[in-house]
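>>> Build me a structure from this.
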Amino acid sequence: MIDPIPARKDADITVRNSADFSTGSPVAVREPIAIEHIGAHLQKFGYDIKIIAQGSKTNEQLAQMATDYAPQIVGLSMHSTYLCSHTLDLAARIKTQLGSTPIVVGGYHPSGYFDLALDKNVDYIVIGEGEETMRQVLDMVARCENAKNVNGVAYLNGSEVMVNPPQPRLDFALLPWAMRDEEILRDSKCTPLAYPAPPGQVSAAQIAYSRGCPHLCGFCASPLIWGSKLSYREPKDVVDEILHLQEKFGTNFLFFNDLSFNVNKERANALCREMIKRVDGVSWFAYATIHGMDYETARMMRDAGCTRLGFGIESVLDPTLAKIKPKQHFEDIERVLRMTSNLGMLNRCYMLIGWPWESRETLDETAKRIKNLAMDQLRLSFVIPFPGTKFYEEQKHRIVVPFEEFSGDKPVMPSDHLNMEELKTAATGLFSSFYGSGEYNAHVDEKVRQRPHLKNSFEYFFDYLKKHGIVS
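Below is the predicted model of the structure:
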């Protein structure tokens, strides 16, 4: 199984080639946790699994590695529409080398766009959660059977795309720990702003306490995989895995990839209590919701080692929030960012622009408001109608960019008031003006004064911003 995230070496970390520094897009390469979970599940049933993370390897090198391994089947992870072109190129290269060897593709984009099965180099699409579906696909191929009896797959039958019934959701607590590789973990970092700073991180690992999200935002692709059901592991099992990572790989930083760590306060606090009791020397990062965050939970997370939080604030304008995230309000964003910052945690805020109603006035007001937030790092994305989402069905008539060119770093549709070039220019200006503002710099100065241990983290971050021309 291959995780196709192209990357390059940049100083002491491996950096995604797809990163757009002008909008703060993700730059770090992390372990391919999704296929590591699938691999572990397949191993349990006796299959010999090889996981290859792309890192700095080219598609040509990956295809050659797959050929050398001579697998009976190849699985490719396409976790986003952004990787559509890249993954299909990789599939074509592998097909050229391996001929009739079946290629299976899974992830968010394939789970929302079944016509991917029309590509001559894709044999099967895994829809949704992949562990059990992939096992059944392997069993089917081994027995030379037809895919009609395998739930959770799409495939081409003649000229017709067949979509089988969905696979039932799994009990996350019953799955084995992810199948990890020391070489892959060695290159894994959480960047560019984190504590400890990236040079001080060792084998930064991904881990999950839960799967799923109950909010079902119309613009989000997560329901394509998880639906609305949450499935949790036991706190003891999570901490056992953390201690294993620490002992075997020296891991001192974790990324909890739960879609919303604090969506269930009682469960979040239960895990934090277990970590406080048993874990020492491991910092971690988690995604959290604004409207579900209170002081008790934030303090508990901090005491358990959380040094960085990610908030999907999406917008700072209440009229926009009322349309896309009605439980959230600007005053809540202000309060939670200030509260968690005062607790000494770093925060990364994810914002979306380019909504159909976006205008020069909404962008100017956005730029004005974000400067006064206790925000440490900004990730600015253009809203993308991902195939299979409600937002896609509503806005697909606007899209003027093919899937192969989708990216959160550039618009794929104009708004009612601004063309795509105007949107891109506005985004770059908004991003730079935030980091160059006196308000932001005063916030950082005060935070470092109160929390001197964060000095190295911000120094690394500002060197990164300067290196890529974001600030002078």
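>>> CA only for contacts and neighbour counts going forward, please
OK.
>>> which residues of the stretch 351-472 of the chain fall in strands?
Under the criterion DSSP state E, counting those that start in this stretch, the stretch 351-472 of the chain contains strands at 377-382.
>>> I figured Asp376 was touching Met345, is that so?
No - Asp376 lies out of contact with Met345 (CA atoms under 8 Å); the separation is 9.5 Å.
>>> higher neighbour count, those two?
Ranked by neighbour count (other CA atoms under 10 Å), Asp376 and Met345 place Met345 first, with 25 against 22.
>>> in which helix or strand would I find the closest residue in space to the more buried one that isn't next to it in sequence?
Using CA to CA, 6 or more residues apart in numbering and skipping residues adjacent in sequence, the residue nearest Met345 is Thr307, 4.8 Å away. Assigning secondary structure by DSSP states H and E places Thr307 in strand 306-314.
>>> May I ask you to confirm that Met275 is in contact with Met301?
No - with contact defined as CA under 8 Å, Met275 and Met301 do not form a contacting pair (9.4 Å).
>>> Looking at these two, which is more packed in?
Comparing Met275 with Met301 by other CA under 10 Å, the one with more neighbours is Met301, at 27 against 23.
>>> The more buried one in helix, strand or coil?
helix (DSSP: H, G, I helix; E, B strand; the rest coil).
>>> mind listing what it touches?
By CA atoms under 8 Å, 6 or more residues apart in numbering, Met301 lies in contact with Asn269, Cys272.
>>> Any figure for the gap between it and Gly469?
Counting by CA to CA, to the nearest Å, the separation of Met301 from Gly469 is 34 Å.
>>> pLDDT wise, what is Ala19 at?
We note a pLDDT of 47 for Ala19 in this prediction.
>>> Compute the number of surrounding residues for the residue nearest to Ile470 when sequence neighbours are not counted.
Excluding its sequence neighbours, the residue lying closest to Ile470 (CA to CA, 6+ apart) is Ser432, at 5.7 Å. By other CA under 10 Å, the residues close to Ser432 number 17.
>>> so Ser432 makes contact with His468?
No - assessed by CA under 8 Å, Ser432 is found out of contact with His468, at 11.2 Å.
>>> Contacts only, for the residue nearest to the spatial centre of the chain.
The chain has Asn257 as the residue nearest its centroid, 7.3 Å off, counting by CA atoms, centre = their mean. If you count contacts by CA under 8 Å, 6+ apart, Asn257 has them with Gln206, Ile207, Ala208, Ala286, Tyr287.
>>> Where strands are concerned, which of these count?
Among the contacts of Asn257, the ones falling in strands (DSSP state E) are Gln206, Ile207, Ala286, Tyr287.
>>> could I get these as JSON lines with neighbour count?
Listed next are those as JSON lines, based on neighbours: other CA atoms under 10 Å:
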{"residue": "Gln206", "neighbour count": "24"}
{"residue": "Ile207", "neighbour count": "20"}
{"residue": "Ala286", "neighbour count": "23"}
{"residue": "Tyr287", "neighbour count": "22"}
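>>> Nearest to Gln61 among these?
Gln206 (25.4 Å; CA to CA).
>>> tell me the contacts of the closest one?
Residues counted as contacts of Gln206 (CA under 8 Å, 6+ apart) are Arg30, Glu31, Ile33, Leu254, Phe255, Phe256, Asn257.
>>> for the third one, phi and psi?
Okay, so that is Ile33. Note on Ile33: backbone dihedrals following degrees, to the nearest 10 are phi -60, psi -30.
>>> Quick check, it in contact with Ala178.
Yes - judged on CA under 8 Å, Ile33 makes contact with Ala178 at a distance of 6.8 Å.
>>> The residue lying closest to Val263 once chain neighbours are set aside: neighbouring residues, count only.
Leaving out its chain neighbours, the residue that sits closest to Val263 by CA to CA, 6+ apart is Gly292, at 6.1 Å. Each residue near Gly292 was counted by other CA under 10 Å, and the total is 17.
>>> distance between stretch 368-380 and the chain's centre?
Stretch 368-380 has its C-alpha centroid displaced from the chain centroid by 20 Å (CA atoms, centre = their mean, to the nearest Å).
>>> What are the buried residues along it?
Ile370, Lys371, Leu373, Ala374, Met375, Asp376, Gln377, Leu378, Arg379, Leu380 (16 or more other CA atoms under 10 Å).
>>> what about the fifth one, distance to Tyr435?
Taken as CA to CA, the spacing of Met375 relative to Tyr435 amounts to 10 Å.
>>> Please apply the same query to the last one.
Distance of Leu380 to Tyr435, given as CA to CA: 12 Å.
>>> Could you do the third one as well?
With distances taken as CA to CA, Leu373 is found 12 Å from Tyr435.
>>> Overlap of the contact sets of these two?
Joint contacts of Leu373 and Tyr435 (CA under 8 Å, 6+ apart) do not exist.
>>> I'd like the distance between Asp119 and Phe406.
For Asp119, the distance to Phe406 - CA to CA - is 18 Å.
>>> more neighbours, these two?
Phe406 (20 against 12).
>>> Can you verify my assumption that Ala288 contacts Gly310?
Yes - here Ala288 reaches Gly310: they are 6.0 Å apart, a contact under CA under 8 Å.
>>> Where do the domain boundaries of the chain fall?
Listed domain ranges for the chain are 2-163, 189-467 (source: automatic domain parsing).
>>> Distance to Glu182 added to the ones you listed, as a markdown table?
Shown next, in a markdown table, are the domains of the chain (distance: least, CA to CA, whole Å):
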| stretch | distance to Glu182 |
| --- | --- |
| domain 2-163 | 10 |
| domain 189-467 | 7 |
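>>> Could you pull out the helices in the stretch 351-472 of the chain for me?
360-370, 390-395, 420-435, 438-450, 455-467 (DSSP state H, counting those that start in this stretch).
>>> Leu76 versus Leu138, what's the distance?
14 Å.
>>> Bridged to Ile207, which residues?
Under the criterion DSSP bridges, Ile207 forms beta bridges with Phe256.
>>> Who are the contact partners of the residue nearest to Met345?
Taking CA under 8 Å, 6+ apart as the test, what Thr307 contacts is Ala194, Tyr195, Ser283, Trp284, Phe285, Gly344, Met345, Leu346.
>>> Nearest to Asn456 among the residues you listed?
Closest to Asn456, out of all of those and judged by CA to CA, is Tyr195, at 8.4 Å.
>>> Kindly confirm my reading that Trp284 is in a strand.
Yes - assigned with three-state DSSP, Trp284 falls within a strand.
>>> If I look at it, what pLDDT would I see?
98.
>>> what do you get for Pro4?
58.
>>> What of Thr14?
At Thr14, pLDDT is 43.
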